[in-house]
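Predicted model follows, preceded by the sequence.
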Amino acid sequence: MARNLSGLNLKMETNTKHIIQVKDLTKIFGDFTAVNAISFKVNKGEIFGFLGANGAGKTTAMKMLIGISKPSKGAAQVAGFDVYTHPEDIKKNIGYMSQKFALYDDLTVKENITFFGGIYGLSRKRIKEKTHKLLAELGLEDIADELVGSLPLGWKQKLAFSVALLHDPKIVFLDEPTGGVDPITRRQFWEMIYKTAHNGTTIFVTTHYMDEAEYCDRVSIMVDGKIEALDSPKKLKQHFKVDNMNDVFLKLARG
Amino acid sequence: MGIKIKNISKSFKTVKALKNISFEVNEGELFGLIGPDGAGKTTLFRILTTLLIADEGTASVAGYDVLSHFKDIRNSVGYMPGRFSLYQDLTVEENLTFFATIFGTTIAENYDLIKDIYVQIEPFKNRRAGDLSGGMKQKLALSCALIHKPKVLFLDEPTTGVDPVSRKEFWDMLKRLQQKGITILVSTPYMDEAALCDRIALIQDGKILQIDSPQEIVKHHPKKIYNVRADNMYLLIESLKAYPDSYSIYPFGEFVHYSDKNTAFKSDKLRHYLEEKGLKNILIAETKATIEDTFMELAK
């Protein structure tokens, strides 16, 4: 049954260039259509911004893509796996980080890394190597044995991002990673994103900061369950005849 | 009247949350407290709303001292905490009635003040507060904070995590409340909202970095800032970082905001350097410092 819902009916091209392919993806709760037949593709190594007002359906759509919520209709492939039939394979091949939950406050920096490394099935040796490398890159060696709860939010978020990349995922999903973070750390965070994308990992990110939308290669804007616009920030600004993404957003979301 | 804060300090165990803070908010002013998570904004709000006692210093709100007249303050201020703090199991209308009753008033008596905001959620007045969307919760919380007609309104990060459209609507509402004579102290991590305040205080690590109007505060930035753009953002940032004359480099939307160590900055020299790094479509143009630039410079 599930198999029929997926790639067999809706023929999807197997294109190695696209790491995410979504066709008419829909999620219905009772009589409410939270996600209404959205279609898009994300290229390998791309920074893809997934924008929309609160309640537009972003989180619901993202939950389907990361394999934790079954779609009502439509098709989607993430990292080459079907969301209906292979959600577990998707989870192994992606990283995920949200503003609300990312790390355990009651564990130390090192313990968090070890814990998530274990969850992702890395060997002890590999975890040790990764821990060493990660702490050095973030400059956190001195506080490796401190509780994560005692760290400033910005440090936590940078650490959480690195932890989401521990198992070298093909895609990393970031749900409002920089909310409430100070402006300098916010930029350092984006530099990490650039670096990660530069190394070939695809970034799928949501944000309410419209200057951050400008940092994306392409952005989609969701309004009431539908994708109303999808293009590079430059082209969107040209199309709506405005000079920043905030105005693009206001024009679309306000109607 | 308004708010007076003098030499306020507050520590939690070994953490100094507020370090000798002093400023005044004039009556009828819309004053912004701008700073990131952990700067001390919420601690200050809790001291001013008499929920927390400062270690040192004095403060008064609407003419009342926070220690000796805390009960008077509680009757004359509205407080909307950062975390949604209404009763999730009560309906919209029940929550509002509850807060009106506590302050010895009724919804009808002060309906005029909340009308603009409340009409937007009135169609859902029989819905439980816990079942409202984020934007509606925020409107209900504001209505409850206003129902006793406060002289001073405290709003702690009312727009954090809220999308740009709802954020704009919220600020339009604040402007209308200000016109009704209410003094407003509002905190936010969004620098673009700072521009909508009469005056702002930039706060970080428990210290005030600067206080001024949004128009004036950017003049505290000591450097000329240039918009730099090229075809590859990652390579551009890496290259600028390696440039010996660079003073600061911050990504800003489609540009990088660059400032140079030298006052006699030559854009041709930088352009030449970037071309050698393999960048194309290079643009270098002077731009004005924003509040965010100023914040980052002062916070350095």
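Cool, the structure landed.

From residue B:148, how far off is residue B:105?
Noted for residue B:105: a distance of 5 Å to residue B:148, by CB to CB, to the nearest Å. The C-beta positions use only the backbone N, C-alpha and C, and glycine is treated the same way.

okay, those two: which has more neighbours?
More neighbours surround residue B:148 than the other of residue B:105 and residue B:148, with 20 against 14 (other CB atoms under 10 Å in any protein chain shown).

The more buried one and chain A, how far apart?
28 Å (CB to the nearest CB, to the nearest Å).

Which of the helices or strands spans that residue?
For residue B:148, there is no enclosing helix or strand under DSSP states H and E.

residues touching residue 39, list them.
No chain was given, so I picked chain A. A:22, A:23, A:24, A:25, A:74, A:227 (CB atoms under 8 Å, 6 or more residues apart in numbering or on different chains).

Switch to chain B, please.
A:182, B:203, B:204, B:205, B:206.

redo that, cut-off 6 Å
B:203, B:204 (CB atoms under 6 Å, 6 or more residues apart in numbering or on different chains).

is it true that it lies in a strand?
No - using DSSP: H, G, I helix; E, B strand; the rest coil, the assignment for residue B:39 is coil, not a strand.

Any buried residues in stretch A:218-238, and which?
A:218-223, A:225, A:227, A:229-230, A:233, A:236-237 (16 or more other CB atoms under 10 Å in any protein chain shown).

Please disregard the earlier target; I meant stretch B:260-277.
Across stretch B:260-277, burial judged by 16+ other CB under 10 Å covers B:260, B:265, B:267, B:270, B:271, B:273, B:274, B:277.

so which of those also contact chain A?
Applying CB under 6 Å from any CB of the partner chain, the subset of those adjacent to chain A is empty.

TSV for those, including secondary structure and distance to residue A:18?
Listed next are these as TSV, based on DSSP: H, G, I helix; E, B strand; the rest coil; distance: CB to CB, whole Å:
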residue	secondary structure	distance to residue A:18
B:260	strand	42
B:265	coil	43
B:267	helix	40
B:270	helix	37
B:271	helix	36
B:273	helix	37
B:274	helix	32
B:277	coil	31
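
Quick check, pLDDT for the residue nearest to residue B:214 when sequence neighbours are not counted.
Closest residue to residue B:214 apart from its sequence neighbours, by CB to CB, 6 or more residues apart in numbering or on different chains: residue B:195 at 4.6 Å. Each residue has a pLDDT score; the one for residue B:195 is 90.

now residue B:195: how far from chain A?
Taken as CB to the nearest CB, the span from residue B:195 to chain A is 12 Å.

Helix, strand or coil: sort out the closest residue to residue B:252 other than its chain neighbours for me.
Nearest non-adjacent residue to residue B:252, counting by CB to CB, 6+ apart: residue A:211, 6.3 Å away. Secondary structure assignment for residue A:211 (three-state DSSP): helix.

re earlier: out of the contacts of residue A:39, which are inside strands?
Among the contacts of residue A:39, DSSP state E puts A:22, A:23, A:24, A:25, A:74, A:227 in strands.

Is the residue nearest to the spatial centre of chain A in a helix, a strand, or coil?
The centre of chain A sits closest to residue A:173, judged by CA atoms, centre = their mean, with a distance of 1.7 Å. Reducing the assignment at residue A:173 to three states with three-state DSSP gives strand.

Relative to residue A:55, how far out is it?
Shown here: residue A:173 relative to residue A:55, a distance of 19 Å by CB to CB.

got it, and residue B:62?
Counting by CB to CB - residue B:62 and residue A:55 are separated by 36 Å.

returning to what we had before: between the buried residues of stretch B:260-277, which sits nearest chain A?
residue B:277 (14.4 Å; CB to the nearest CB).

in the stretch 101-250 of chain A, which spans are strands?
A:171-175, A:202-206, A:218-223, A:226-231 (DSSP state E, counting those that start in this stretch).

of these, which approaches residue A:60 most closely?
strand A:218-223 (9.8 Å; CB to CB).

So, low pLDDT: which residues of the stretch 51-200 of chain A?
Flagging of the stretch 51-200 of chain A using pLDDT under 70 yields the residue ranges A:101.

Pick out the residue in it sitting closest to chain B.
For the stretch 51-200 of chain A, CB to the nearest CB, closest residue to chain B: residue A:182, 3.1 Å.

Show the contacting residues for that residue.
Neighbouring residues of residue A:182 by CB under 6 Å, 6+ apart: A:154, B:36.

ditto for the one 4 residues further on
Residues in contact with residue A:186 (CB under 6 Å, 6+ apart) are residue A:178.

switch the cut-off to 10 Å
A:154, A:157, A:177-180, A:207, A:209, A:211-212, B:36, B:189, B:250-251, B:292, B:296 (CB atoms under 10 Å, 6 or more residues apart in numbering or on different chains).

ditto for residue B:76
Per CB under 10 Å, 6+ apart, neighbours of residue B:76: B:61, B:62, B:63, B:64, B:69, B:148, B:149, B:150, B:151, B:152.

Surely the second one is in contact with residue B:183?
Yes - with contacts defined as CB atoms under 10 Å, residue B:62 counts as touching residue B:183 at a distance of 7.7 Å.

starting at the chain centroid, how far to the helix or strand encompassing residue B:145?
Element membership of residue B:145 [criterion: DSSP H and E] is helix B:134-146. Centroid separation for helix B:134-146 versus its chain: 17 Å, with CA atoms, centre = their mean, to the nearest Å.

thinking again about what came up before, of the contacts of residue A:39, which count as buried by neighbour count?
A:22, A:23, A:25, A:74, A:227.

okay, the first one: pLDDT?
In this case it means residue A:22. You'll see residue A:22 listed with a pLDDT of 97.

ditto for the last one
On pLDDT, residue A:227 comes in at 96.
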